[in-house]
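# Turn this into a structure:
(chains A and B)
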Amino acid sequence: MAITYEPLGTYTVSNENTKIISFTSFSGYTDLVAVVTGGFYNATQPSFFLNGDSDWGSYSSTWMDGAGGSVRNGRYQGQGYGLISPNSWNDTGQNFGIINFSDYASSNTYKSIISNATTDSGPYPNYSVTTYRSNSPITSIDFRGVGYNNWIPGSKFTIYGIGAA
Amino acid sequence: MTATFEKIASITVGSGGSANATFSSIPQTYTDLKLVANGRVSQSANQTNPGIAFNGSTSTFTYGFISGTGTGYGYSSGSSNPINDVNAANSTSNLFTNFDIYIPNYANSSNKPFIINSAQENNASNAYVELWGMLWSTGAAITSISLTSGSTWVEGSTFHLYGIKNS
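Residues are numbered from 1 along each chain as shown, chains lettered A, B, ... in the order given. Next comes the predicted model:
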């Protein structure tokens, strides 16, 4: 029986000088789901870029969260990354996000990516929606901090492929 | 081929209701857990917040949640173990709250961040859509999960626990 929720790769950071974690080879699925836990030595927002494209102008994100005692929302346009969380992740490792890449293999639509995440501090739950303005199928995903800071060892990344049948 | 998104157990509440929905002896062979629920409680209110326990413990939980009701929105946080609003006895009949709980790395010995998405509808002026971020600051593998109604989960409430493997 075909697996409809299949792990495609997993990586756990062991080196304290790791800035970017890359995944490739996603063919044959309908959607992708990434699960990320961990944090950064110097707190920064967790993010991703696609197809090696960190071109400022390819991405825009809209987000909402609960932080500082109230609901906040914001929008970034013309960026070189998509958001996992608008909140910075610290070095406790107790931060978590699920990122959904729907219809990632389409060759005639822009891509919408939805992230649910929570941070250690607070906790602060948040939603982010990123538009990647490219009609190209997603063939690689790179995870990094907005500030290109080092992920802490133990930070963990898994990509799952979801089949439609 | 090994299933990588597999149902561990299901609970369907029968006649008379049930105070708790408890999954015990959770296998430690998965990477993450996902609990998908459709619940309603018997408390005399429009909505209420059930509780959650891991391994029988209700301590060391912290939460923060954002919510929208249709007439307002907000953020709240605290150091206890409530979960999302669910339909209670005074809400529109036959309406159950749909919510899911995702717990990554449940079997390791680290503290446990997790997320709850919920949608509590009501054919009235207020309903609650919520996103919860929670943290269980007990460094232990999760071997049981209990959702405590505070009254009873009514007949027809369902809870499904899935294990997800990353390899």
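# In chain B, which residue sits closest to chain A?
B:Gly133 (2.7 Å; C-beta to the nearest C-beta). Using the backbone N, CA and C atoms, a C-beta is placed for each residue, glycine as well.
# any idea which helix or strand carries that residue?
strand B:128-136 (DSSP states H and E).
# re earlier: show me what contacts the residue of chain B closest to chain A?
A:66, A:96, A:117-119, A:122-126, B:63-65, B:113-115 (C-beta atoms under 8 Å, 6 or more residues apart in numbering or on different chains).
# let's go with 10 Å and repeat that
Counting by C-beta atoms under 10 Å, 6 or more residues apart in numbering or on different chains, B:Gly133 makes contact with A:65-66, A:85, A:87, A:95-96, A:116-120, A:122-126, B:62-66, B:77, B:113-116.
# wait, doesn't B:Phe5 sit right on B:Tyr162?
Yes - using C-beta atoms under 10 Å, B:Phe5 is in contact with B:Tyr162, at 6.1 Å.
# Can you check which residues contact both of these two?
By C-beta under 10 Å, 6+ apart, the residues touching both B:Phe5 and B:Tyr162 are A:5, B:30, B:32, B:34.
# and the first one, how many residues sit next to it?
So that's A:Tyr5. 18 (other C-beta atoms under 10 Å in any protein chain shown).
# I figured it hits B:Phe5, correct?
Yes - counting by C-beta under 10 Å, A:Tyr5 does reach B:Phe5; the two are 3.6 Å apart.
# dump the residue contacts of residue 135.
With no chain named, the answer covers chain A. A:106-111.
# nope, chain B
Going by C-beta under 10 Å, 6+ apart, B:Leu135 touches A:92, A:94-96, A:118-123, B:60-64, B:79, B:111-114.
# Same question for B:Met134.
A:96, A:118, A:123, A:125, B:52, B:61-65, B:81-83, B:101, B:103, B:112-116.
# Narrow these to those in helices?
Among the contacts of B:Met134, none falls in helices (DSSP state H).
# surely B:Gly14 meets B:Thr152?
No - the pair B:Gly14 / B:Thr152 is not scored as a contact, 11.2 Å apart, by C-beta under 10 Å.
# Neighbour count for those two, which is higher?
Neighbours were counted for B:Gly14 and for B:Thr152 using other C-beta under 10 Å; B:Thr152 has more, 18 against 10.
# Assign a three-state SS to that one, would you?
Under DSSP: H, G, I helix; E, B strand; the rest coil, the three-state class of B:Thr152 is strand.
# Run through the bridge partners of the closest residue to chain B within chain A.
Here chain A gets closest to chain B at one residue, A:Thr118, 2.7 Å apart by C-beta to the nearest C-beta. Taking DSSP bridges, one finds A:Phe96, A:Pro125 as the beta-bridge partners of A:Thr118.
# Please, where are all the strands along chain B?
Counting by DSSP state E, chain B has strands at residues B:5-12, B:18-23, B:32-39, B:47-48, B:51-54, B:61-68, B:73-78, B:86-87, B:97-103, B:112-120, B:128-136, B:145-153, B:158-164.
# among those, which is nearest A:Ser70?
Across the strands of chain B, the minimum distance to A:Ser70, taken as C-beta to C-beta, is reached by strand B:73-78, at 5.5 Å.
# does any part of that closest one sit near chain A?
Yes - interface with chain A: strand B:73-78 contributes B:73-77 (C-beta under 10 Å from any C-beta of the partner chain).
# Could you dump those into JSON lines with pLDDT and neighbour count added?
As requested, the residues of strand B:73-78 next to chain A are exported to JSON lines (pLDDT from 0 to 100; neighbours: other C-beta atoms under 10 Å in any protein chain shown):
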{"residue": "B:Tyr73", "pLDDT": "91", "neighbour count": "15"}
{"residue": "B:Gly74", "pLDDT": "92", "neighbour count": "13"}
{"residue": "B:Tyr75", "pLDDT": "93", "neighbour count": "20"}
{"residue": "B:Ser76", "pLDDT": "94", "neighbour count": "16"}
{"residue": "B:Ser77", "pLDDT": "94", "neighbour count": "17"}
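# Specify which member of the residues you listed is nearest to A:Ser60.
B:Tyr73 (22.7 Å).
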